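**Q** After the sequence you'll find the predicted model.
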Amino acid sequence: MSDITASSPNLPPSKTLDGGSRMFLWLFAVVLLIGVAYTAIQLGGDLSTVRSPSALPFVLLGIALAIALGFEFVNGFHDTANAVATVIYTNALPANFAVVWSGFFNFLGVLTSSGGVAFAIVSLLPVELILKVGSAAGFAMVFALLIAAILWNLLTWWVGLPNSSSHTLIGSILGVGLANQLINGANGASGVNWAQVNNVFQALFWSPLAGFVLAGALLWVLKLALAKRYPGLFNAPEGAKPPPLLIRGLLILTCTGVSFSHGANDGQKGMGLIMLILIGTVPTAYALNGAITPNQMAAFHTTSQATVAALTTLSNNAAAPSGDPADAVTLAVQKKALQPDTLPALAALVGNIDQQIANRASMKDIPGDQVRNVRNDIYLVDTAIPLALKAPGINADEKKALTSYKKAGTAATQFIPDWVKVAVALALGMGTMVGWKRIVRTVGERIGKQHLTYAQGLSAEVVAMGLIQAGTAYHLPMSTTHVLTSGVAGTMAANGSGLQWGTIRNLGAAWVFTLPASIIISGVLYTIFHAIF
């Protein structure tokens with residue numbers, strides 16, 4: 001994979017991306033200080049309730065959070081930089097202002113995100129590692145996959161390739177899952193959740209192709225509709241002259257939309273992993289959602305009773321297996337199929353959870369020594385319910401009871417504190433400020449043989465914004481990098497501008513090699529960390 005540092009000889013000299021504005025740097029510094037202070041105060045308040053005989057959990061928490069935020073920092077090198085490339089290369093915004101503007105709307109996107117994509121990423125991990133995230137194997141998992149993702153992202157950034165952080169992180173998760181299965185051998189490790197992997201890779205595979213085709217088609221439609229009336233829309237910028245006001249406004253609007261969409265989707269990648277870290281190190285503060293209201297607690301109790309009744313009926317009143325019912329449910333989840341004793345065990349496990357949360361006004365009222373087990377049991381039931389929904393003879397009322405329980409369990413275990421969102425947004429913004437130039441230059445100069453026109457930038461960003469928003473709505477991780485760069489390439493092809501095939505080959509090589517490279521790196525790291533811990 002060669003370093004793509006030379007632009008096409010058919011293009012004008014490279015944009016001036018160097019230099020800086022003191023005002024923007026000071027503004028970013030002020031925002032950073034406020035964000036760090038807010039994060040520290042909120043985290044300190046949460047940790048003040050934690051009682052530990054040792055400082056080790058806090059040390060591990062600090063190290064793991066630094067690595068997780070480091071991943072988001074490097075993510076900013078790649079994906080956030082793509083959002084500003086078109087406005088910079090069409091002179092719609094000065095480079096430094098564009099980066100700050102994009103960072104602000106990334107921040108808003110992260111803050112308004114639901115967390116659905118974050119937990120879709122987490123669900124790729126082996127269930128036994130999620131249930132034991134506070135164990136040595138759990139820490140080995142988190143450290144291995146994050147360090148592997150950081151290493152590969154840094155390598156591709158160094159050679160200026162707009163690599164996908166989504167692709168890298170998912171490959172790292174697969175590497176951990178496969179290594180865990182090899183290490184455990186015949187012990188029943190569940191390995192990788194291939195059904196969820198298939199859903200994620202469907203999105204990652206088809207979205208660049210959709211970006212290429214749709215952006216090219218949109219440019220073609222714009223030409224048919226507007227070329228005679230607004231010919232300037234299809235011209236390249238003249239020197240440093242900004243575009244006409246209307247065109248400039250549209251370009252800024254689409255940049256804003258891509259930035260916001262990127263934050264709402266891509267910014268979630270590290271959130272779920274940060275939550276795993278918090279649950280593993282300080283479960284009393286983060287294992288269960290303390291924001292669940294008394295009314296929701298009462299509804300959870302009612303739903304639990306209905307779920308126990310439904311499962312008991314489905315199992316023909318069979319007795320629960322001896323021992324911990326969680327063991328039988330875990331086996332079914334690992335086998336990805338109902339076993340003879342799964343339904344009665346699931347009914348018993350739901351009943352056990354209900355006994356521990358019934359008559360409590362809040363999840364915060366659960367004793368600290370029970371919190372981790374309650375959280376793990378709820379997570380396990382939620383993971384097993386899709387299997388129970390396939391039970392033969394299940395009726396509509398029973399499906400409703402099981403679905404309602406899963407929704408309540410998700411609310412209790414899948415939440416993201418505001419300070420986590422703020423920390424991730426700041427890490428993304430810092431990464432963009434530090435490393436945006438390499439990726440911006442590749443997108444702006446090294447995909448097509450001619451300079452990017454206003455209509456091309458507009459088409460690529462409208463399509464990227466729409467595809468990323470669609471992925472977020474369906475809780476699927478999307479690659480801003482792949483969607484936007486393929487959109488730019490599609491407009492170049494549709495415009496007859498020609499493509500720089502050396503860059504396209506390098507982008508394709510990064511797409512192809514990212515998965516095996518990140519799998520191998522994370523698998524090796526997990527094996528090493530597993531042995532050390």
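**A** Cool, got the structure.
**Q** Tell me the helix or strand right after the helix or strand harbouring Ser207.
**A** Following DSSP states H and E, the helix or strand that holds Ser207 is helix 194-226. The element immediately downstream of helix 194-226 (helix or strand, assigned by DSSP H and E) is helix 245-265.
**Q** In CSV, please show the C-alpha coordinates belonging to whichever helix or strand comes after that next one.
**A** Counting by DSSP H and E, the next helix or strand C-terminal to helix 245-265 is helix 269-281. The C-alpha coordinates for helix 269-281 follow below in CSV (Å, rounded to 0.1, in the frame of the first residue of the first chain):
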residue,chain,number,x,y,z
LYS,A,269,-18.6,3.4,18.1
GLY,A,270,-16.6,4.0,21.2
MET,A,271,-19.6,4.7,23.5
GLY,A,272,-20.7,1.1,23.9
LEU,A,273,-17.1,0.0,24.6
ILE,A,274,-16.7,2.8,27.2
MET,A,275,-19.9,1.6,28.8
LEU,A,276,-18.4,-1.9,28.9
ILE,A,277,-15.3,-0.5,30.6
LEU,A,278,-17.4,1.4,33.2
ILE,A,279,-19.6,-1.7,33.9
GLY,A,280,-16.5,-3.9,34.3
THR,A,281,-14.6,-1.5,36.6
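**Q** which residues touch the residue lying closest to Lys241 once chain neighbours are set aside?
**A** The shortest distance from Lys241 to any non-neighbouring residue, by C-beta to C-beta, 6 or more residues apart in numbering, is to Asn91 (6.3 Å). (Each C-beta comes from the backbone N, C-alpha and C, glycine too.) Neighbour list for Asn91: Pro237, Ala240, Lys241, Pro242, Pro243 [criterion: C-beta atoms under 8 Å, 6 or more residues apart in numbering].
**Q** Need the three-state assignment for Asn91.
**A** Secondary structure, DSSP: H, G, I helix; E, B strand; the rest coil: Asn91 is coil.
**Q** Pop out the phi and psi values for it.
**A** phi 60, psi 20 (degrees, to the nearest 10).
**Q** where in the stretch 51-200 of the chain is pLDDT low?
**A** 77-81, 160-163, 185-193 (pLDDT under 70).
**Q** Tell me which stretches of it form helices.
**A** 56-75, 81-89, 95-111, 116-122, 127-131, 136-158, 165-184, 194-226 (DSSP state H, counting those that start in this stretch).
**Q** who wins for most neighbours among the contacts of Asn91?
**A** With neighbours defined as other C-beta atoms under 10 Å, the most crowded of the contacts of Asn91 is Pro243; it has 24 neighbours.
**Q** Touching, that one and Pro237? I think so.
**A** Yes: at 6.7 Å, Pro243 counts as touching Pro237 under the criterion of C-beta atoms under 8 Å.
**Q** Between these two, which contacts overlap?
**A** Thr90, Asn91, Tyr454.
**Q** which residue sits closest to the first one in space, ignoring its chain neighbours?
**A** I take that to be Thr90. Gly457 is the one closest to Thr90 (C-beta to C-beta, 6+ apart), at 4.9 Å.
**Q** Does that neighbour fall in a helix, a strand, or a coil region?
**A** helix.
**Q** what about it, distance to Gly466?
**A** 15 Å (C-beta to C-beta, to the nearest Å).
**Q** Could you check which of the two is surrounded by more residues?
**A** Counted by other C-beta under 10 Å, Gly457 and Gly466 do not tie: Gly457 has more neighbours, with 29 against 18.
**Q** which residues does that one contact?
**A** Contacts of Gly457 by C-beta under 8 Å, 6+ apart are Thr86, Val87, Tyr89, Thr90, Ala92, Leu251, Thr254, Val488.
**Q** For the residue sitting furthest away from the middle of the chain, what are phi and psi?
**A** Using C-alpha atoms, centre = their mean, the residue of the chain lying farthest from its centre is Lys228. It sits 42.6 Å away. Note on Lys228: its backbone torsions stand at phi -80, psi -40 [degrees, to the nearest 10].
**Q** Tell me which residues touch it, please.
**A** No contacts exist for Lys228 under C-beta under 8 Å, 6+ apart.
**Q** Over to Tyr405?
**A** Tyr405 neighbours (C-beta under 8 Å, 6+ apart): Thr303, Ser304, Ala306, Thr307, Val350, Val381, Ile385.
**Q** one more time with 6 Å, if that's ok
**A** Tyr405 makes contact with Thr303, Thr307, according to C-beta atoms under 6 Å, 6 or more residues apart in numbering.
**Q** Okay, and it sits in which element?
**A** helix 396-413.
**Q** pLDDT weak spots in the protein?
**A** 1-25, 77-81, 160-163, 185-193, 433, 435-450, 497-500, 502-503.
**Q** What residues of the helix holding Tyr405 count as buried?
**A** Judged by neighbour count (16 or more other C-beta atoms under 10 Å), helix 396-413 contains these buried residues: Glu398, Ala401, Leu402, Ser404, Tyr405, Lys406, Ala408, Gly409, Thr410, Ala411, Ala412, Thr413.
**Q** Can you add distance to Gly368 and give those back as CSV?
**A** What follows is these, written out as CSV (distance: C-beta to C-beta, whole Å):
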residue, distance to Gly368
Glu398, 35
Ala401, 30
Leu402, 30
Ser404, 28
Tyr405, 25
Lys406, 26
Ala408, 22
Gly409, 20
Thr410, 23
Ala411, 21
Ala412, 16
Thr413, 17
